[in-house]
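[1] here are the coordinates; sequence isn't available:
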């Protein structure tokens, strides 16, 4: 019988649901030494917190996150707030000795992120950041193929994350579901929200980034602000693109926008090696495209791998070949890996420290866009 | 607070997991008057039943399904046994006044199915059959587009269900996970297992089938039987194809096999109407292809609809546009609809009676293949 | 310097253009001992014949095909007339000692075809039928992969040819460009026009067909006839589908229609073998899909082969990898192969005799549809 | 009967064939006032020139391009030499009053290009540059849709041209077929060879480019040089990527490489507008993808337009819907348009002056990569 890990969830929005779903499902499909127990959910709006608790089965409700951190019956804190609260909560949680699962991006910027890293490392608490896409089976398979050396020397990495949900100028900024459009709450626009995912995956698959040249754009300059009721200047980047050199000598090309009509959440990456290439696309997340130059010449071609076999990463825990899982399962996998790490006493990637590297690239990108020059990452 | 519906599950295999997952998830995502409670699981092997109960949170275990039916604290019985037990259990469950959720195909043949229909109708118990693919959002959307009259007069319906998992002659037949290869337990091979899905969807989307001409084949004539340990004649159909006339005057083409190398679970259908056409494919279940001849000529083309928007069937209950759900969600939707039907006091399709129509087509197909002639359905 | 082969073309329609293009291009791309010389074009309408001659560079014009056959300066006759004239012209041409290139289908029926075969064989004249799709490079590659034994035992062959251009009931039948809708000129509808292509390829790739069960349908029962000006009964099949057993034990499924909204000329085939599978599609004719089960498990997938490399069939004669050729090139390849055969004194497939086999299957299919029973091919 | 336009071709390589094919085909498919006559081909290697003349039907051969320009019976000169000869030949041809068709890129750099523009404009001779991809029907259709205003305000343009043929370090540089790897003959690597195509299309579809930031890379630093027989430093760019601002306020992202394993000649572009988006891909050049947000919500999706209908650009001249044309046809279309322009006395785009704009962007890109800074185009 697995041991309980008592969860205290802070926030009840989209990510609160995605994580809660993962906690409630994980032991049905994975054989683990720990099982998450939904001990408490915390939100300033008590009625909403109670409703969320009832839906998901949280045992109790808090309206002040400091109270939550004081509770002895909470082992782990899951931070699902807007970005501007990550630092304060995470540091307090570390000081309270709590295990921490923090939504991405880690922080508003590198400086904040470094404080957070120091706090969790000093406290010695297990920590992880929810860069969930690493654990889509096709993406994990990509990592496995790269680690096996199948690609050879890498020449190119390209990724983008394209959405189209903010094209209307009638869409307001700020508050509740729209905090991602409010620079004060989000820190940046697509850079922290979308590109951060691309960067996390890139660093994991292709190693460090040395330098970048970037451009950002805010297409709609003013929007009504939900918190003030007034039309205000938009402070976030609507689109961001950058070129870079990876430390392994390969070239990178990244782009993100919320103005790419026709794309809902098209996160794609492609990596070209001397011997083989790989590409993936969130809109068909159960497939990995793979091209191997060592195949017999007349039958060489891009293979569309339907990543649903028992021998594919994570898939033996689910259904049978051909039957796809979806977006939410990436969170289940992260919880499963994290709980296995807890049992083994080992950190599970991406830790705060891993996520800090992504933050550094984001900062270099935003600096480069502002300064219209090349920027060294971390530099 | 939703009212409990106490579930007694019979069987613990693949479908036992798929249904249990649906029961445990449904109230997290759907606002319903009922919530399933996992009261008991029943299986002859007590150890396995206990393990399953522990994993999924069933409160108790039974080893005799008759005992389960006697329990007052069980409201609904879920039949996940091999096909040859459906009839006996379902009739007893109806007599015991239980709500019944029965795996597909309904029965070993039409005669059995008719007995079952009479039993549930006489007892007046709510009943449904797990033809889950109707509730993949893209398939439900297809139904909606057809009901809106977008296709006009229908000319063609074609469907197939292609797998490749039984090509090896070393694979034995019968017992546990391989009962689908044993004619005594399954009744038929791909006809009841795979084509039944295609037929259920076809009848739902395109109405009744008038007559059929079919062929079946058993490619591997003998396999070791797990229950006897001996090499025995294979009694099931490895492949089955048929042509048919629908009652609306359109032509049908159906095929199913477990010998289509390269296809894991490729269930596809296409319907061609005077004005528009639709096609779908289980390997990319989150997409629906749609062609509308009324589009402006130079930009006419097949549209690939990523069925993940809030206005698409069922999708407002899940994530945000672009983020896919998977196979398992079709069962969640079926439970959600069934519970809503219970609350409203209305039958939810496919009932036993609906599923009987599929059984009739399967029987006509098998008769036609045997007799090498056209067979009238239900005739 | 290649020797001239003087061509006498009968007909000036769609196929007259496709063949003339092949004759004028072939020596630019293929190094051959023969070169076609456009000696004469023959058509009843002299003005149209003259216009065609001017466009394509035919040296002269005839209005009576018997005159054309009498000409000493014509070596080879290309029959591009409606089907009902093939037999008479071909037999006369054989008797005149002409080399013959005949449009498909060979004849109105098997009996006619047999007469034609006897005539060319008795006369000993080189002969070929324009089943051009065999020489799309991707299709030729499929043949090569099968001949190398890559697929192993074959289980399934399925093909269809779907169009949508006759859905409007306002479309008349008969005369000029619409002779394909006129049973008197065409013999049959989609069976001889479209399915004949599928059958030719199938026999070439997968061997003989043993027996068939078929259905045909005429969706629009009456259309205005261009030759009479009156609304008349439609005599052709608008759609035809059949199931069959191949002599190698595999199962076949074929379908053709001109009522599949959204498909312009979607000719597809797929073949499933024990070890590998292949599929192809005329709408993307430069690609071949290939699945090989012997690939390493985790990276197994359907490969999309872009058939444009120098080592692919015919492609070294064209451009560079990645640059596609189109529909018309299949005719150029057929001419190139035919001229090489002439030089070598060898027959080039599909000869009249080869094409007769397709005719036999077509006849069995039409008989089966009429009799609603299984028909043995050639029986 | 069309009037002759006597062609003098300089060069006999890949492009010499592509253009000659266009000249010999164009009047078979297009009704024009002019017809190209293959008067002479010029190359230093007389044997090769004679072989080429024999294959294609050129009436005569020259070995000195100055002699060719002196010939009164040559109306138009087609420059298919390596890039470093374009300027000298083009200026001399202009002075000789010849019509000029020049391979792309126009010149080694902007300064050369400006001289060439002045020369043709001063001489008043018709001129065009072979940026052939504009006249792939799907690309022309994209232009038409944009000109109709279907996309609305443009936010993004992205394009890339990916190849993989120079990955092997054993491949030498320079001489004959490999002059594209020799900086002295080609001026640049992928920038002038591949990106120039992307830029030409971008300027045509999306207007001028304001500024750029770029990076280039030479992955294989040394290769054997075919002209010297020695291992020498590689002077070209193997890969080049840049970000840019278009004058209409949209953002651009461009990439080109010969090190993208798995891509033979994958030229793609995508343009995202407020209301609609378009994308295209040379590997499936007969399709255009189109997404229109004004479609009814539940059936919105990317449409795959099979650009083979009579109402699509150029297609009424070819076959019937569904039957694709290929790469070579883009040259036929360019000749057809150019001849129609001659007849009408109107310039046909891209003229030398149009192509100069692409040259300016290429120069800015190369300058930016060298200087690691943003560069204004033309600045």
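    Noted; the coordinates are in hand. Everything numeric in this text was worked out from a predicted model, so none of it was measured.
[2] Spatially nearest residue to residue A:219 (excluding sequence neighbours)?
    Of all residues beyond its chain neighbours, the one nearest residue A:219 is residue A:238 (4.8 Å), with distances taken as CB to CB, 6 or more residues apart in numbering or on different chains. Where you see a C-beta, it was placed from the backbone N, CA and C, and this is true even at glycine.
[3] burial count for the one you found?
    When neighbours are defined as other CB atoms under 10 Å in any protein chain shown, residue A:238 has 22 of them.
[4] Quick one: residues contacting it.
    A:166, A:189-190, A:216-220, A:257-259 (CB atoms under 8 Å, 6 or more residues apart in numbering or on different chains).
[5] I figured residue A:135 hits residue A:314, correct?
    Yes. Using CB atoms under 8 Å, residue A:135 is in contact with residue A:314, at 7.1 Å.
[6] Please enumerate the shared neighbours of those two.
    What both residue A:135 and residue A:314 touch, as defined by CB under 8 Å, 6+ apart, is the set residue A:333.
[7] Buried subset of the contacts of residue A:238 as a PyMOL selection?
    PyMOL command restricting the contacts of residue A:238 to the buried ones, with burial defined by 16 or more other CB atoms under 10 Å in any protein chain shown:
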select buried, chain A and resi 166+189+190+216+217+219+220+257+258+259
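[8] for the contacts of residue A:238, which one is nearest chain C?
    residue A:257 (28.2 Å; CB to the nearest CB).
[9] at contact distance from chain B, anything in stretch A:34-49?
    No. Shown here: stretch A:34-49 not in contact with chain B (CB under 8 Å from any CB of the partner chain), separated by at least 10.6 Å.
[10] Excluding chain neighbours, what is closest to residue A:187?
    residue A:108 (3.8 Å).
[11] From the contacts of residue A:238, which land in strands?
    A:216-217, A:257 (DSSP state E).
[12] Go back to the residues you listed and keep what's next to chain D.
    Among the ones in strands among the contacts of residue A:238, the residues within reach of chain D (CB under 8 Å from any CB) are A:217, A:257.
[13] any chance of the ones in strands among the contacts of residue A:238 in CSV, plus pLDDT and distance to residue D:351?
    Output for the ones in strands among the contacts of residue A:238, formatted as CSV (pLDDT from 0 to 100; distance: CB to CB, whole Å):
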residue, pLDDT, distance to residue D:351
A:216, 98, 36
A:217, 98, 33
A:257, 98, 34
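[14] before we move on, the earlier item: confirm the residue nearest to residue A:187 sits in a strand?
    No. Checked against DSSP: H, G, I helix; E, B strand; the rest coil, residue A:108 lies outside a strand; its state is coil.
[15] In three-state terms, how would the one residue in the stretch 51-200 of chain A that gets nearest to chain C be classified?
    Residue of the stretch 51-200 of chain A nearest chain C, by CB to the nearest CB: residue A:141 (6.5 Å). With three-state DSSP as the basis, residue A:141 sits in helix.
[16] For burial, what's the neighbour tally of it?
    There are 23 residues near residue A:141, going by other CB under 10 Å.
[17] And for residue A:78?
    Residue A:78, neighbours per other CB under 10 Å, totals 28.
[18] Could you give the number of residues near residue A:378?
    15.
[19] what residues are up against it?
    A:110, A:360, A:364 are the contacts of residue A:378 under CB under 8 Å, 6+ apart.
[20] hang on, it is in a helix, isn't it?
    No. Residue A:378: not assigned to a helix; according to three-state DSSP it is coil.
[21] Per-residue confidence, it, what does it come out as?
    With respect to pLDDT, residue A:378 scores 93.
[22] Domains in chain A, by residue range?
    A:3-132, A:133-376 (automatic domain parsing).
[23] distance of residue A:353 from residue A:110?
    Per CB to CB, to the nearest Å, residue A:353 is found 12 Å from residue A:110.
[24] Is residue A:270 in a helix, a strand, or coil?
    Judged by three-state DSSP, the three-state class of residue A:270 is strand.
[25] Secondary structure element for the nearest residue to it once chain neighbours are set aside, which one?
    Nearest residue to residue A:270, sequence neighbours excluded (CB to CB, 6+ apart): residue A:279, at 3.9 Å. Residue A:279 is part of strand A:276-281 when elements are defined by DSSP states H and E.
[26] Pull up the pairing partners for that strand, direction included.
    strand A:266-273 (antiparallel), strand A:287-292 (antiparallel) (DSSP bridges).
[27] quick one: pLDDT of the residue nearest to residue A:219?
    Looking at residue A:238, its pLDDT stands at 97.
[28] Distance-wise, check it relative to residue A:180.
    Distance, residue A:238 to residue A:180, using CB to CB: 11 Å.
[29] so what's in contact with those two at the same time?
    With CB under 8 Å, 6+ apart, residue A:238 and residue A:180 have common neighbours residue A:189.
[30] who's in contact with the nearest residue to residue A:151 once chain neighbours are set aside?
    Spatial nearest neighbour of residue A:151, chain neighbours left out: residue A:273 (2.8 Å); criterion: CB to CB, 6+ apart. When contacts are counted by CB under 8 Å, 6+ apart, residue A:273 touches A:150-155, D:261.
[31] and the residue of the stretch 1-150 of chain A found nearest chain D, which of the three is it?
    Closest residue of the stretch 1-150 of chain A to chain D, CB to the nearest CB: residue A:150 (11.1 Å). Judged by three-state DSSP, the three-state class of residue A:150 is coil.
[32] Could you count how many residues lie near it?
    The burial count for residue A:150: 18, using other CB under 10 Å.
[33] Next, find the distance separating the closest residue to it other than its chain neighbours from residue D:164.
    Spatially, and ignoring its direct neighbours in sequence, residue A:150 is nearest to residue A:276 (5.1 Å; CB to CB, 6+ apart). Residue A:276 sits 11 Å away from residue D:164, going by CB to CB.
[34] Quickly check: stretch A:297-304 near chain D or not.
    Yes. Judged by CB under 8 Å from any CB, stretch A:297-304 comes into contact with chain D at residue A:302.
[35] Buried residues of that stretch, list them for me.
    Quick answer for stretch A:297-304 (16+ other CB under 10 Å): A:298-304.
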